[in-house]
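Q: take this sequence and fold it.
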Amino acid sequence: MKKDLKENWGVNAAVVYDKPNTAIFRPLKIEEKHELFLKLGFKAQSNSPDETLFTIKKDNQVTMKPDRPVLLISSTSWTKDEVIHYINDLKEIRILVFSCKLWKTMKKRL
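A: So this is what the prediction gives:
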């Protein structure tokens with residue numbers, strides 16, 4: 001796009017990459033994921049405090065469940081004309097999609 005803007009429009013553009021600040025943001029440890037899933041209410045059908053849809057805690061060790069659903073978190077909302085609807089058509093996987101509005105609602109639980 002930078003090249004096209006320069007060649008066709010005479011615009012000197014700068015490329016800016018959308019990357020998180022690694023001094024502030026980092027991947028969550030598995031124990032932190034487990035606690036977050038519990039706070040967000042992603043409890044397993046067993047209603048065990050040691051099990052979520054995604055993780056299980058056994059003998060003080062947290063592991064990811066092999067049969068966990070896919071969790072897709074997005075900072076944008078999705079409309080029917082976007083690619084996400086193709087993913088939702090797949091019957092063999094479950095996807096939880098958060099839009100900004102839903103995330104703001106969920107943050108209130110934290």
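Q: how about the helices in the chain?
A: Listed in chain order, the helices found in the chain under DSSP state H are 2-9, 30-39, 84-88, 100-107.
Q: which residues sit against the longest one?
A: It stands for helix 30-39. Here helix 30-39 makes contact (Cβ atoms under 8 Å, 6 or more residues apart in numbering) with 28, 49, 52, 53, 54, 55, 57, 62, 63, 64, 109, 110. (Each C-beta comes from the backbone N, C-alpha and C, glycine too.)
Q: am I right that the third one is in contact with residue 41?
A: Pointing back at residue 52 there. No: using Cβ atoms under 8 Å, residue 52 makes no contact with residue 41, being 9.2 Å away.
Q: export stretch 30-45 to PDB, keeping only CA atoms.
A: Taking Å, rounded to 0.1, in the frame of the first residue of the first chain, the C-alpha atoms of stretch 30-45 are listed here in PDB:
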ATOM      1  CA  ILE A  30      -1.500 -21.700  32.200                       C
ATOM      2  CA  GLU A  31      -2.400 -21.100  35.800                       C
ATOM      3  CA  GLU A  32      -3.400 -17.600  35.000                       C
ATOM      4  CA  LYS A  33      -5.500 -18.800  32.100                       C
ATOM      5  CA  HIS A  34      -7.300 -21.300  34.400                       C
ATOM      6  CA  GLU A  35      -8.100 -18.500  36.900                       C
ATOM      7  CA  LEU A  36      -9.300 -16.200  34.100                       C
ATOM      8  CA  PHE A  37     -11.600 -18.900  32.600                       C
ATOM      9  CA  LEU A  38     -13.100 -19.500  36.100                       C
ATOM     10  CA  LYS A  39     -13.700 -15.700  36.600                       C
ATOM     11  CA  LEU A  40     -15.300 -15.400  33.200                       C
ATOM     12  CA  GLY A  41     -17.700 -18.200  34.000                       C
ATOM     13  CA  PHE A  42     -16.300 -20.800  31.500                       C
ATOM     14  CA  LYS A  43     -17.000 -23.700  33.900                       C
ATOM     15  CA  ALA A  44     -17.200 -27.200  32.700                       C
ATOM     16  CA  GLN A  45     -20.400 -29.100  32.800                       C
END
